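J.: my questions concern the predicted model and sequence given below.
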Amino acid sequence: MKKGGGLAAYCGLLYGFLYLPLAVMFAFSFNDARRNVAWKGFTFKWYVSLFQNAELLAALITTLELAVATALIASILGLLSSYAMTRHAPFRGRAVYSSLLTVPLMMPEIVMGVGLLSFLVRARIPLNFWTLACAHALIALPYTAGSIRARLLSLKDSRLEDAAMDLGADEWQAFRMITFPLARPAIVSGALLAFTISFEDFVTSFFIAGIGIVTMPIKIYSMMKFGVTPEINALATCLLLFTVLLLAGNHLLDRRQKTL
Amino acid sequence: MSQALSWLIRGRSSKASHLLLAPATFWLAVFLVLPVASLLILSVAQKGPYGTFLWSFTWANFARALDAKYLPVLLRTLGYAGTSTLLCLLLGYPLAYYLSFFAGKKRDLLIILLMIPFWTSCLVAIYSWIIILGREGLLNSLLLRLGIVSTPVAILNTPFSVILGMVYFYVPFMVLPLYGSLEKIPRTYIEASYDLGAGKAATFLKVTVPLSLPGVFAGCILTFIPCMGDFLTADFLGGPRTYLVGNLIQNQFLMAQDWPFGSALTSLLLLSLVSGLYFYQRLEARELEME
């Protein structure tokens, strides 16, 4: 046996455990049975009924809009803060900012959910699309800020910007033509992570979505609560493919960043 | 205008830095600090009629959280979260070890494969586990067919299924920090240990494991905290006997409308988080001193 062969076999088993639910979901999305227990033959009908379900499509559109808004807000916040942290002269409180920016990562989702609910309701801030997008942006902020900051730090110092300014560019031109293009892969990759976070988020949305907003995860939750339907498998398979595409895109960006 | 912009971009003055950080600070204040503060304040208020609050200071909500009715829920949550964390560590360590020492070229791919289940909706994974573990589910039909059992066994809605769900969700949270700290171990230390005559087992136990402890603690905290706050796993994979603090909190805020009691429970959850992080920071500080 090769070195580490037993260990490799064990890891294979562990990956099997992690992928078992995904495999079951994929297989059963083609199962021609109302109840999900036995294999009754191959069908596409769940996919067909998925695309005819108006409520579901509406939820999908809301979720996509929300994810785009989240990605935009979180990227802007992340770019501004990581620019100040890496390109400005060291200032008092920089370490505090940097640890504050990681706090949302540590918060259990349920604490975020009920905390936001109790605060927003008592402060009479309406629970609407934009409140939810802003809350998602906070959850995503550590990811966008982290990604952009790592990129700016990997470019060591502002030598390129200095050179541009020596050649007559002003600060804004140097930022627009040097810093921003250099940071762009990290901005896009952070935005993709923020998009995914918002797209998958259930707990925070569940607590503060208000009455009018039905996101995809909230819709899935109510489908699961009020009756089992095999449509969920078909829906989940589509969502999984979408997530894999996003992550693959992100990975390719990361790789290009490293070779640059 | 352009002068102000130049000043902001150049950032020689700390005022410019604070100004650029102001939006993020505002976000942190409104969507994190104030919500947590609001929970802490509510936790010592009293519930009034019709969803109002009476603003007189009281510890009653905390006393209620620790009384004979609710204490078992807290202890059960601690037990489940602790068990799941331990299982994640035992299951995840070999994988992290393999990734760091043996995976070679496959490593990047394996790490991405580890992230995909983590990035998929947890609801969907729960739904699949219901199909697998249910009374007429895949596992039961397999056991029946193999003749291991003669009637379907209850697997779903037991403590087992809840802990299985938690382990499933949080193993990646454990593996990644473990892998990170294993990667940091200079390989020369391990060679030195072999050169000095230590065997494989001794090197693993006396060099590799102690040097990976920061990753072990980080992984345990990253696993334990979300397990403590979990309510979805217990909601779908558990039953009435696996009711956890997360379910209780959800109930207080969305059904029972007793926000002060719900806030007290959430504050207790935050307390466990803060003490965990404090413990971790102290260990990390000691680690830095040693370096």
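T.: Received, thanks.
J.: now do residue 124, the pLDDT please.
T.: Defaulting to chain A. Listed pLDDT for residue A:124 reads 91.
J.: I was thinking of chain B, sorry if that wasn't clear
T.: pLDDT at residue B:124 comes out at 87.
J.: how about the contacts made by it?
T.: A:21, A:25, A:220, A:232, A:236, A:239, A:240 (CB atoms under 8 Å, 6 or more residues apart in numbering or on different chains). Glycine gets a C-beta too; all of them are placed from N, C-alpha and C.
J.: again, only this time at 6 Å
T.: residue A:236 (CB atoms under 6 Å, 6 or more residues apart in numbering or on different chains).
J.: equivalent analysis for residue A:80, please.
T.: B:20, B:23.
J.: now the helix or strand containing it: buried residues?
T.: If you go by DSSP states H and E, residue A:80 is part of helix A:54-87. Under the neighbour-count criterion of 16 or more other CB atoms under 10 Å in any protein chain shown, helix A:54-87 has A:56, A:59-60, A:62-64, A:66-71, A:73-87 buried.
J.: repeat that for stretch B:240-260.
T.: Neighbour-count burial for stretch B:240-260 flags B:242-253, B:258-260 (criterion: 16+ other CB under 10 Å).
J.: go on, stretch A:161-176?
T.: A:161, A:164, A:165, A:169, A:170, A:171, A:174, A:175.
J.: for residue B:218, which non-adjacent residue is spatially closest?
T.: residue B:177 (4.0 Å; CB to CB, 6 or more residues apart in numbering or on different chains).
J.: how far out from the middle of the chain is the helix or strand where that neighbour lies?
T.: Applying DSSP H and E as the criterion places residue B:177 in helix B:159-184. Between the centre of helix B:159-184 and the centre of its chain there are 9 Å (CA atoms, centre = their mean, to the nearest Å).
J.: show me what it is packed against.
T.: Contact partners of helix B:159-184 among helices and strands, from 3 or more CB pairs under 6 Å, 6 or more residues apart in numbering or on different chains; DSSP states H and E: helix B:71-101, helix B:213-228, helix B:232-237.
J.: surely residue A:137 touches residue A:74?
T.: Yes. Contact criterion CB atoms under 6 Å: residue A:137 and residue A:74 qualify, at 4.3 Å.
J.: okay, now the residue nearest to residue A:103 when sequence neighbours are not counted: neighbour count?
T.: If the residues on either side of it in the chain are set aside, residue A:103 comes closest to residue B:32, at 6.5 Å by CB to CB, 6+ apart. Close neighbours of residue B:32, defined as other CB atoms under 10 Å in any protein chain shown, add up to 23.
J.: how about residue A:159?
T.: Neighbours of residue A:159 using other CB under 10 Å come to 10.
J.: show me what secondary structure element comes after the helix holding residue A:80.
T.: Heading C-terminal from helix A:54-87 (DSSP H and E), you reach helix A:94-100.
J.: what does the next helix or strand after that following helix rub up against?
T.: For helix A:94-100, the succeeding helix or strand toward the C-terminus, using DSSP H and E, is helix A:103-106. Under the contact criterion CB under 6 Å, 6+ apart, helix A:103-106 has outside partners A:138, A:139, A:142.
J.: check stretch A:243-254 too.
T.: Residues from elsewhere that reach stretch A:243-254 (CB under 6 Å, 6+ apart): A:185, A:188, A:189, A:192, A:196, B:119, B:120.
J.: neighbour-wise, which of the residues you listed leads?
T.: Top of those by neighbour count (other CB under 10 Å): residue A:189, with 24 neighbours.
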